[in-house]
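[1] okay, sequence plus prediction incoming.
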Amino acid sequence: MFRIETSNKFEKKYKKLLKKNIFLKPKILGAMAKISEDPKYPSLKSHQVDHSVYGKVWSSWVHDDLRVLWKYEGEKIVILLLDIGDHDEVY
């Protein structure tokens with residue numbers, strides 16, 4: 001099991017998303033739990049991307065067009081959630 005940490009950017013965007021649509025909360029928390037248990041869980045559709053700001057990071061599906069970007073930190077015991085938003089926004 002991985003420990004999940006979040007970046008400031010992730011926290012801000014997460015709160016903004018929930019203000020727009022509170023029904024996303026269980027979807028996001030569910031995806032975070034799956035990432036914590038098994039980052040490559042099939043329904044997450046996790047894959048590596050080369051991001052212009054973050055470099056090589058992982059992208060996982062949350063709901064509809066919603067994605068979360070994350071990376072392994074340290075000795076691969078921590079996953080840092082970097083960003084969340086729709087496909088075009090996070091890429």
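    Happy to help now that I have it. Just so it is clear, the model here is predicted, and its values are computed rather than measured.
[2] which parts of the helix or strand containing L29 are buried?
    Counting by DSSP states H and E, the element that carries L29 is helix 25-37. By 16 or more other C-beta atoms under 10 Å, the buried positions in helix 25-37 come out as I28, A31, M32, K34, I35. All C-beta spots, glycine's among them, are computed from the backbone N, C-alpha and C.
[3] now do stretch 61-68
    W61, V62, L66, R67, V68.
[4] just put these in TSV and tack on pLDDT, secondary structure and distance to Q48.
    Formatted as TSV, the buried residues of stretch 61-68 follow (pLDDT from 0 to 100; DSSP: H, G, I helix; E, B strand; the rest coil; distance: C-beta to C-beta, whole Å):
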residue	pLDDT	secondary structure	distance to Q48
W61	94	strand	14
V62	95	strand	17
L66	93	strand	19
R67	94	strand	13
V68	94	strand	14
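[5] from those, pick the one nearest K19.
    L66 (14.8 Å; C-beta to C-beta).
[6] will you turn the buried residues of stretch 61-68 into a markdown table that also has distance to E5?
    Output for these, formatted as a markdown table (distance: C-beta to C-beta, whole Å):
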| residue | distance to E5 |
| --- | --- |
| W61 | 20 |
| V62 | 17 |
| L66 | 20 |
| R67 | 18 |
| V68 | 13 |
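[7] any idea whether the residue of the chain most remote from its centre is helix, strand or coil?
    Residue farthest from the centre of the chain, counting by C-alpha atoms, centre = their mean, is E75 at 19.0 Å. Three-state assignment for E75 (DSSP: H, G, I helix; E, B strand; the rest coil): coil.
[8] what about it, distance to R3?
    Between E75 and R3 the distance is 11 Å, computed by C-beta to C-beta, to the nearest Å.
[9] next one: K34
    15 Å.
[10] likewise S36?
    7 Å.
[11] overlap in contacts, the two.
    Taking C-beta atoms under 8 Å, 6 or more residues apart in numbering as the contact rule, S36 and R3 both touch I79.
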